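Student: Provided below for reference: sequence and predicted model.
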Amino acid sequence: MLKPFQLIGLRMKSCVVISVLFLYSPQSFAALGDDASSINADEAHLNASVRVTARAYYSIHEMQTAKGTVIRQYVSPAGRVFAITWKGFSPDLQLLLGDHFNEYLVAASQTAHHGRGVHVETNDLVFDSGGHMRYVVGRAFLRSQIPSGVSTDELR
Amino acid sequence: MSSGKLGFLFPGIPALLCLWAGCGGSSSHNSSQGAASNNVQAIVVNGGPQNNHVNGVFTTVTICAPASSNCQNINAVLVDTGSFGLRVLASALGALNSSLPQQKDGNGNPTVECAQFVSSVVWGPVKSADVRLAGEKASSVPIQVIDPSVAPIPSACKAIGPAEEDSTSLGANGILGIGFFVSDCGPACATAGSGNPGFYYSCSGSSCQSAGQPTNQQVQNPVALFSQDNNGVIVQLPSASSSAPSLSGSLIFGIGTQGNNALGAAQTYRPDRNGNLKTNFKGTIYEGFLDSGSNAYFFLSSGAVGMPNCPNPESDFYCPPSPVNLSATNTSASPGATGTINFTIDNANTLFSSSTDAVFPTLGGSNPSTFDWGLPFFFGRNVFVAFEPPGGSGPYWAY
């Protein structure tokens, strides 16, 4: 299987890799909807390696946490994290979703029927998750923050 | 749980099936030393203990205090090839709960687990129990008792998602995880530190700290601990041509160990290290897996497949205006089989308009960038799940 970084290289041949590695700390994590300036602000804790890739309408900040979960923050030209995706052991959703975590919990509790495919929509938040034990895949995005020209199918 | 519900679980063809399958817990105490065991466990697809589930496949598990005849039949336990290990609600165990020994760490503190599913968790102590299924038995198995009363759920566990802690939120009285891994978390949880995914906690009073947990003390797939027929399982369900109230089948223990569990012509699909095969859908390759604990075909997103999600509260599922016929091709992650699957997705709101049905062969929903071959895939197939070594020659699926 391709490693995540190889995937990026294959899927984004026309992209420019801006920087390979810098430091990430949970305290400075830019959650969904946050200003992205804090992503690389704190160099106190080396908990994950981060790679930044520029695309036409946004940039992707990808990190692998110590427990192996790959997290991508999608950052708009306006400097906002408009989407987050994850793969691997379950991430700290409270950290990833930030102010939208409670919104997710409330909406998730209102869906009927039990399943492993979770799809929750509120006015602005769209949350998808699936997978199996030891390997969870998910994404969350804010419809109002998606840059024009971007299809949500790209957010994976 | 009494087995009183069993009568409801087996309408239709039940009498014959029960004779053949041994009817779960009630006759499971029949163990004959030396001879081939009864390795056929009855399973049924229905609405579950609260009749709020769809496409849930359940069985009755007999749980006993170790080396005793103090046993309880727990019905409506979800049969789940997408997880590893047995978990049971404390409320379903009743009085037996206090007879199950609590697992403790080197300091004598109880071990409590935050078991992580897809955007939800179950929380409760690790205890030791004998587990009986059909004529098979596993002794002193680490299981999880789902019981939030033992200690407050740690914030790091809550941050993963909502806790399912009763039969309404869980949609079952327990989960029988019979996927191909033996330990629920694996080596990642064996050592403490920032790389630990946080399944296991050591609790002193109400204060719980994340802890390393050796793999053989983690919650274990009980089938892998049987004395025989312990190298895998076969999930057998008949085909379902349309929605129905229930569907009865069998869970067969062992692969190639008895006359009824030969691999035969089944094709073998091996997973990658994350537990996924490859699924090619419309020319793009996705990570895929076979999961009896998923209640639909969960694949991709509304935009990628051209079908709308249903409105709330059914937003987990797709609601196309008319049935959509699709196909996708599974390929082994390491050299092995390739095969195409045809399937149909129908409008979930239309399907659910029948209040008596709980079996839906055409139910689908979204699952970003992966392909979850949930329970409808199992209808009409014999799906083999071969365990990892040392007991099994997997991990692989075959069908």
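Tutor: The structure has been received and is ready for your questions. Residues are numbered from 1 along each chain as shown, chains lettered A, B, ... in the order given.
Student: in the stretch 151-300 of chain B, what residue is nearest chain A?
Tutor: Here the stretch 151-300 of chain B gets closest to chain A at one residue, B:F298, 3.2 Å apart by CB to the nearest CB. Any C-beta I mention is one placed from the backbone N, CA and C, and that applies to glycine too.
Student: Now name the helix or strand holding that residue.
Tutor: For B:F298, the host element (DSSP states H and E) is strand B:297-300.
Student: other SSEs contacting that strand?
Tutor: Packing partners of strand B:297-300 (3 or more CB pairs under 8 Å, 6 or more residues apart in numbering or on different chains; DSSP states H and E): strand B:277-281, strand B:364-365, strand B:367-373.
Student: tally of neighbours for B:S69?
Tutor: Neighbourhood size, B:S69 [other CB atoms under 10 Å in any protein chain shown]: 8.
Student: Repeat that for A:A31.
Tutor: 19.
Student: how close does it sit to A:A83?
Tutor: Computed as CB to CB, to the nearest Å, the A:A31 to A:A83 distance reads 12 Å.
Student: same deal with A:A107?
Tutor: Going from A:A107 to A:A83 by CB to CB gives 17 Å.
Student: higher neighbour count, these two?
Tutor: Comparing A:A107 with A:A83 by other CB under 10 Å, the one with more neighbours is A:A83, at 26 against 19.
Student: residues in contact with residue 107?
Tutor: With no chain named, the answer covers chain A. Residues in contact with A:A107 (CB atoms under 8 Å, 6 or more residues apart in numbering or on different chains) are A:V120, A:E121, A:T122, A:L125, A:F127, B:N312.
Student: oops, chain B please
Tutor: B:S202.
Student: What pLDDT does the model give it?
Tutor: Looking at B:N107, its pLDDT stands at 94.
Student: Where does B:G177 sit: helix, strand or coil?
Tutor: Recorded secondary structure, B:G177: strand (DSSP: H, G, I helix; E, B strand; the rest coil).
Student: do the one 4 residues further on as well
Tutor: When classified by three-state DSSP, B:F181 comes out as coil.
Student: Relative to B:Y318, how far out is the nearest residue to it once chain neighbours are set aside?
Tutor: Leaving aside its sequence neighbours, B:F181 sits nearest to B:F84 (CB to CB, 6 or more residues apart in numbering or on different chains; 4.7 Å). B:F84 sits 29 Å away from B:Y318, going by CB to CB.
Student: Could you check which of these two is surrounded by more residues?
Tutor: When neighbours are counted by other CB under 10 Å, B:Y318 comes out ahead of the other of B:F84 and B:Y318, with 32 against 29.
Student: Now the more buried one. Its backbone dihedrals?
Tutor: Note on B:Y318: backbone dihedrals following degrees, to the nearest 10 are phi -90, psi 150.
Student: beta partners for it?
Tutor: Beta-bridge pairing for B:Y318 (DSSP bridges): B:N309.
Student: Provide a list of residues in contact with A:D153.
Tutor: B:S301, B:G303, B:A304.
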